[in-house]
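1. Have a look at this prediction, sequence included:
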Amino acid sequence: MTTIASDHRSVPSSRVLPEANSYLHQIHPTPLVRVSLGDGQPVGAEYDTTGSGIWCKLEFLNPSGSTKDRIARHILEKAWRQGQLRAGDTVAEASSGSTSIAFALACSQMSLHFVAFIPDTATSERELIIRAYGGEVRRVGGGMPEVLRAAGETSASEGWFLGRQFANEDNTEAHRLHTGPEILSQIPGGTVDAVVSGVGTGGTLRGLYEAFAGAGCPVSAHAAIPRDLALFGANAECCSLRFSSDVPGVVEGLSEIYAQWQCDRLREWEIGDRDCLELTRRLWGLGFPVGPSSGLNFAAALEVAAELGPDSQVVTVFPDRMERYFSHKVFEEIRTRS
């Protein structure tokens with residue numbers, strides 16, 4: 001197995017990316033659609049009090065099925081251009097699933113070997129997807145702090161390239177340079193009043209906010225925080241400025257990107273598990289094959305829109321697809337249905 005050398009090979013930043021089997025640059029921007037639940041249905045109408053709808057970026061339509069394709073591609077391509085990676089090298093990442101899936105796909109296109117460090121209680125669906133793309137999976141006992149530690153120590157000893165999604169500023173940069181401008185080109189009037197996202201690494205929320213604010217939008221940032229981390233179980237990569245010391249599973253300082261963000265227009269919204277699950281299922285009924293993180297984001301976005309008023313343009317993200325959650329609580333009713 002070839003690993004990255006410790007001499008940080010000196011290669012020009014214009015180093016050409018591998019072309020064989022690569023299609024990521026040909027993917028069209030994911031759609032931005034307006035979603036409203038104010039249609040008189042038993043489930044949903046109680047949440048959508050404005051009737052104006054939320055602008056939702058359908059990131060589950062990315063190649064690996066999540067918004068994490070954005071950061072995996074950006075981090076790896078930047079490292080390749082800077083000479084930190086070349087064909088045959090090994091890449092590692094600590095992730096509960098979606099980021100590792102995205103890295104596994106991108107690595108397969110760049111002739112890189114990938115090793116995913118995931119919690120030992122992560123859903124089996126995620127491990128299967130990672131392996132399908134040729135990735136190696138190492139399960140680690142404990143929560144995300146233990147997973148992060150194992151990935152860091154092993155990568156350092158083996159000389160592997162570590163993605164460092166919780167601390168790598170290229171995570172934020174991917175959304176500031178790409179996702180944010182896409183949304184501004186899609187939304188009517190090219191302006192955003194509020195951006196809402198769950199906070200795993202914080203890269204999506206921070207990057208989008210910086211893109212919108214940099215374009216002159218009067219935007220505020222809103223973090224969707226699950227009240228009950230048990231809803232996401234070991235798949236939770238959640239951090240919070242407000243609840244980190246009080247909510248089990250939310251680890252203070254888990255994400256350097258979020259913890260070090262100085263934003264005076266940032267607000268956190270605590271969302272109950274009932275709202276999250278109900279809205280996820282409601283989104284299924286509208287034809288969106290999403291995971292519970294989309295229900296979380298949408299629930300918080302509805303609260304923000306209700307506060308800002310019907311004329312506001314509120315943007316959120318549907319981060320990933322439903323199939324990586326088939327063994328999750330959100331599907332329990334369907335699994336037991338006769």
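-> Nice, thanks for sending it over.

2. so where is this protein shaky, pLDDT-wise?
-> Across the chain, residues meeting the criterion (pLDDT under 70) sit at 1-14, 19-21, 38-52, 228-254, 328-330, 335, 338.

3. longest helix of it?
-> helix 292-308 (DSSP state H).

4. Partner strands of the helix or strand just after it, with direction?
-> Sequence-wise, the next helix or strand downstream of helix 292-308 (DSSP states H and E) is strand 314-318. Its sheet considered, strand 314-318 pairs with strand 54-58 (parallel), strand 194-198 (parallel) by DSSP bridges.

5. about what we covered before: can you mark which positions in the longest helix of the chain are buried?
-> Going by neighbour count (16 or more other C-beta atoms under 10 Å), the buried part of helix 292-308 is 292-306, 308. Where you see a C-beta, it was placed from the backbone N, CA and C, and this is true even at glycine.

6. can you give me the helices in the stretch 1-150 of the chain?
-> Taking DSSP state H, counting those that start in this stretch, the helices of the stretch 1-150 of the chain run over residues 68-81, 98-109, 124-132, 144-158.

7. Which one of those helices lies nearest to L24?
-> Of all those, it is helix 68-81 that lies closest to L24, at 5.5 Å by C-beta to C-beta.

8. so which of the helices of the stretch 1-150 of the chain is the most packed in?
-> Greatest average neighbour count among these goes to helix 98-109 (a mean of 26), per mean count of other C-beta atoms under 10 Å.

9. by how many degrees do that one and helix 124-132 diverge?
-> 20 degrees (axes from the mean of the first three to the mean of the last three C-alpha atoms, to 10 degrees).

10. ok now helix 98-109, how far from the chain's centre?
-> 13 Å (C-alpha atoms, centre = their mean, to the nearest Å).

11. ok, and what's touching that helix?
-> Defining contact as C-beta atoms under 8 Å, 6 or more residues apart in numbering, one finds that helix 98-109 is touched by 18, 21-24, 62-69, 71-73, 76, 91, 93, 95, 112-114, 116-118, 126, 129-130, 133-135, 137, 163, 165, 237, 319-320, 324.

12. at 7 Å instead, please
-> For helix 98-109, contacts defined as C-beta atoms under 7 Å, 6 or more residues apart in numbering pick out 21-22, 24, 63-64, 66, 68-69, 72-73, 76, 91, 93, 113-114, 116, 118, 126, 129-130, 133-135, 163, 165, 320.

13. For the stretch 201-338 of the chain, which segments count as strands?
-> For the stretch 201-338 of the chain, the strands defined by DSSP state E, counting those that start in this stretch occupy 220-226, 266-271, 314-318.

14. just to revisit the earlier point, go through the buried residues of helix 292-308 and name the one nearest E270.
-> Closest to E270, out of all of the buried residues of helix 292-308 and judged by C-beta to C-beta, is A300, at 8.9 Å.

15. and the longest helix of the chain, what does it pack onto?
-> strand 54-58, strand 194-198, strand 220-226, strand 266-271, helix 273-285, strand 314-318 (3 or more C-beta pairs under 7 Å, 6 or more residues apart in numbering; DSSP states H and E).

16. Now that we have these, can you turn them into CSV and tack on mean neighbour count?
-> Below are the helices and strands packed on helix 292-308 laid out as CSV (neighbours: other C-beta atoms under 10 Å):
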stretch, mean neighbour count
strand 54-58, 24
strand 194-198, 29
strand 220-226, 25
strand 266-271, 18
helix 273-285, 20
strand 314-318, 28
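
17. Take those and write them to TSV, including distance to A150.
-> Below are these laid out as TSV (distance: least, C-beta to C-beta, whole Å):
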stretch	distance to A150
strand 54-58	32
strand 194-198	24
strand 220-226	25
strand 266-271	29
helix 273-285	29
strand 314-318	29
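
18. what's the closest of these to L37?
-> helix 273-285 (6.2 Å).

19. tell me the angle that closest one makes with strand 220-226.
-> 100 degrees.

20. So which elements touch helix 273-285?
-> helix 292-308.

21. Could you pull up the contacting residues of F326?
-> E125 are the contacts of F326 under C-beta under 7 Å, 6+ apart.

22. Quick check: it vs E332, distance?
-> Distance from F326 to E332, counting by C-beta to C-beta, to the nearest Å: 11 Å.

23. For the nearest residue to R176 once chain neighbours are set aside, the count of nearby residues, please.
-> Of all residues not flanking R176 in the chain, G207 sits nearest, at 4.3 Å (C-beta to C-beta, 6 or more residues apart in numbering). A count of nearby residues for G207, using other C-beta atoms under 10 Å, gives 27.

24. again, but for H25
-> Counted with other C-beta under 10 Å, H25 comes out at 9.

25. Who are the contact partners of it?
-> Contact analysis of H25 by C-beta under 7 Å, 6+ apart lists nothing.

26. still on that earlier bit, among the strands of the stretch 201-338 of the chain, which comes closest to Q82?
-> Closest among the strands of the stretch 201-338 of the chain, once you apply C-beta to C-beta, is strand 314-318, at 28.1 Å.

27. Now do stretch 210-226: distance from first to last residue.
-> Across stretch 210-226, the terminal residues are separated by 24 Å (C-alpha to C-alpha, to the nearest Å).

28. Show me how the record splits the protein into domains.
-> 32-62+177-336, 68-162 (automatic domain parsing).
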